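*Asks:* Below is the sequence, then the predicted model.
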Amino acid sequence: MGILKALILASILSVSTSLTVINAAVAYPEIPQTANAQAQPAANENRLPPRVANAVRQDLSRKTGIAPGQLRITQFSRQTWPDGCLGLPDPDQFCTQALVEGWRVVVTHQDQTWVYRTNDSGSLVKLDTAASQTKDTNKLKPVPIPASELPPPLTQGMIFRAISSGGFAGLTYETVLMNDGRLMRVRIGDANDSDRSVRQISPQQLREFQRLLQRNSLSRFNGMSYPAPSGSADFITVTISSSAGTTRYADIAQNNLPQPLQQVVQAWNQITSATQ
């Protein structure tokens with residue numbers, strides 16, 4: 001009889017233990033480790049990669065002279081740009097027509113703000129000048145060219161003319177681009193015409209320069225002079241003319257000219273230097 005009671009008691013305890021284990025498994029199911037492993041990268045996707053931040057700071061430092069450590073990144077967000085130029089093409093730049101994943105980065109220093117567009121890796125960074133808010137400390141203030149100092153209009157066949165004067169020698173040169181691609185240069189006041197030179201640019205160079213003049217018309221700068229900073233010496237004054245107008249600037253200040261005018265000057269300098 002005692003043995004029978006012991007067997008019955010052991011059976012009851014065995015069933016009770018099994019039910020406890022089943023209930024515990026239902027109440028506290030095992031959580032797969034992969035769920036946590038997959039959640040972490042999702043949080044990192046919206047974190048600005050250090051290489052992108054460094055690329056932006058380095059580029060802005062080169063442009064402004066401000067040390068990278070003084071440039072604070074205050075905002076950033078993931079963006080999908082419309083093309084290979086990140087929606088900010090340079091003049092005559094071909095942009096691949098494909099969506100580009102990247103970043104929009106906002107950088108500040110004191111009361112200035114710059115907005116950058118980058119690709120995903122930071123190998124391509126572009127400053128969005130239209131969205132940036134900066135001081136115009138380097139912006140030149142133009143003044144009108146006195147009517148008595150304006151050169152005569154271009155004559156038939158002329159596309160562009162530059163008259164340069166000043167510098168150490170104090171000489172004046174006139175360089176004219178004709179519609180047939182001839183580039184003619186003479187020294188004003190040279191009775192023997194000994195400094196005259198005639199060269200030829202390629203049809204492609206001629207077309208590209210004409211297209212640039214159409215896009216960046218001198219009409220908006222007509223009659224305006226961008227002088228050298230006060231106290232400057234030994235600079236050259238250049239007066240440029242197209243069919244749209246005449247503008248004058250000091251060569252030492254050409255990097256601070258309005259961007260459309262600066263592009264014309266740079267293209268003209270490339271033409272004249274390549275043919276010398």
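*Replies:* On my side now, so go ahead.

*Asks:* Wasn't Gln266 part of a strand?
*Replies:* No. Counting by DSSP: H, G, I helix; E, B strand; the rest coil, Gln266 is not found in a strand; it is helix.

*Asks:* all strands for this protein, in order.
*Replies:* Here the chain has its strands, by DSSP state E, at 72-81, 100-109, 112-119, 125-127, 143-144, 158-166, 171-178, 182-187, 197-200, 224-226, 236-242, 245-250.

*Asks:* Which positions within the second one qualify as buried?
*Replies:* Yep, that's strand 100-109 we're talking about. Of all the residues in strand 100-109, those buried under the rule 16 or more other CB atoms under 10 Å are 100, 102-107. For glycine as for every other residue, the C-beta is placed from the backbone atoms N, C-alpha and C.

*Asks:* swap in the third one?
*Replies:* Taking 16+ other CB under 10 Å as the neighbour-count basis, strand 112-119 is seen to contain the buried residues 114-119.

*Asks:* Next: the fourth one.
*Replies:* Buried residues in strand 125-127, counting neighbours by 16+ other CB under 10 Å, are found at 125-127.

*Asks:* Same check on stretch 180-194?
*Replies:* Using 16+ other CB under 10 Å as the test for burial, stretch 180-194 gives 181, 183, 185-186.

*Asks:* Closest to Pro153 out of those?
*Replies:* Nearest to Pro153 out of these is Val186 (CB to CB; 18.0 Å).

*Asks:* Just give the nearest non-adjacent residue to the closest one, would you?
*Replies:* Arg196 (4.9 Å; CB to CB, 6 or more residues apart in numbering).

*Asks:* List the contacts of that neighbour.
*Replies:* By CB atoms under 8 Å, 6 or more residues apart in numbering, the contact set of Arg196 is 184-187, 190.

*Asks:* and the gap between it and Pro152?
*Replies:* 19 Å (CB to CB, to the nearest Å).

*Asks:* Flag the shaky bits of the protein, pLDDT-wise.
*Replies:* Applying pLDDT under 70 to the chain picks out residues 1-45, 91-93, 134-140, 274-276.

*Asks:* Verify the contact between Val107 and Ile73 for me.
*Replies:* Yes. Val107 lies in contact with Ile73 (CB atoms under 8 Å); the separation is 5.6 Å.

*Asks:* what residues do these two have in common as contacts?
*Replies:* Counting by CB under 8 Å, 6+ apart, the common neighbours of Val107 and Ile73 are 56-57.

*Asks:* Could you double-check that Gln133 lies in contact with His109?
*Replies:* No. Using CB under 8 Å, Gln133 is not in contact with His109; the gap is 11.4 Å.

*Asks:* follow-up on the earlier one: dump the buried residues of strand 100-109 into JSON lines; add distance to Ser202 as well.
*Replies:* Converted to JSON lines, the buried residues of strand 100-109 look like this (distance: CB to CB, whole Å):
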{"residue": "Val100", "distance to Ser202": "34"}
{"residue": "Gly102", "distance to Ser202": "37"}
{"residue": "Trp103", "distance to Ser202": "40"}
{"residue": "Arg104", "distance to Ser202": "40"}
{"residue": "Val105", "distance to Ser202": "41"}
{"residue": "Val106", "distance to Ser202": "43"}
{"residue": "Val107", "distance to Ser202": "41"}
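
*Asks:* Between those residues, which sits nearest Pro82?
*Replies:* Set against Pro82, the nearest of the buried residues of strand 100-109 by CB to CB is Val100 (7.9 Å).

*Asks:* how about the residue nearest to that closest one when sequence neighbours are not counted, what does it touch?
*Replies:* Leaving aside its sequence neighbours, Val100 sits nearest to Trp81 (CB to CB, 6+ apart; 4.5 Å). Contacts for Trp81 (CB under 8 Å, 6+ apart) come out as 87, 99-102, 117, 119.

*Asks:* Noted, bye for now.
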